[in-house]
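J.: fold the following, please.
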Amino acid sequence: MRRTTASSQAWGLDRPSTKLLYIIDCPCGGMNVWQLSRTEPKPDEGECNSCGRNLFDPAGTPIVPMAMEPV
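T.: Got it, this is the predicted structure:
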């Protein structure tokens, strides 16, 4: 099915996202996700849910690249 302007409006796809997902794939293979409002700052601390590794250095920089996607 093709996406049309009418179908985008009906499904709300034309509205700007108010939330963002921040995703860090830990070296152990675990995926760690934060869902935050656009007005909240990016995560700068936390541990892997799978292995317990700290995902950020002391300055708050992720140890591996952090992806960001609108919800």
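J.: number of nearby residues for residue 22?
T.: The burial metric for residue 22, expressed as a neighbour count using other CB atoms under 10 Å, is 18. The C-beta positions use only the backbone N, C-alpha and C, and glycine is treated the same way.
J.: any idea what it is bridged to?
T.: In this structure, residue 22 has beta-bridge partners residue 34, residue 68, where bridges are defined by DSSP bridges.
J.: distance of it relative to residue 30?
T.: Counting by CB to CB, to the nearest Å, the gap between residue 22 and residue 30 amounts to 15 Å.
J.: next: residue 24.
T.: Separation of residue 24 from residue 30 (CB to CB): 9 Å.
J.: averaging pLDDT per element, find the lowest-scoring helix or strand in the chain.
T.: Using mean pLDDT, DSSP states H and E, helix 5-11 stands out as the lowest-scoring helix or strand of the chain, at a mean of 72.
J.: could I get the contacting residues of residue 54?
T.: By CB atoms under 8 Å, 6 or more residues apart in numbering, the residues touching residue 54 are 45, 46, 47, 63.
J.: ugh, wrong one, I meant residue 49
T.: By CB under 8 Å, 6+ apart, the contact list for residue 49 reads 30, 32.
J.: one more: residue 30?
T.: Each residue near residue 30 by CB under 8 Å, 6+ apart is listed here: 48, 49, 50, 51.
J.: just residue 53 next, same as before
T.: Under the criterion of CB under 8 Å, 6+ apart, the contact list for residue 53 reads 26, 27, 28, 47, 63.
J.: number of nearby residues for the first one?
T.: Taking other CB under 10 Å as the neighbour definition, residue 26 ends up with a count of 18.
J.: what's the burial count for residue 32?
T.: Other residues within reach of residue 32 by the criterion other CB under 10 Å amount to 19.
J.: hang on, it packs against residue 51?
T.: No - shown here, residue 32 and residue 51 do not form a contact pair, counting by CB atoms under 8 Å, at 10.3 Å.
J.: overlap in contacts of these two?
T.: Overlap between the contact sets of residue 32 and residue 51, as judged by CB under 8 Å, 6+ apart, is given by residue 26.
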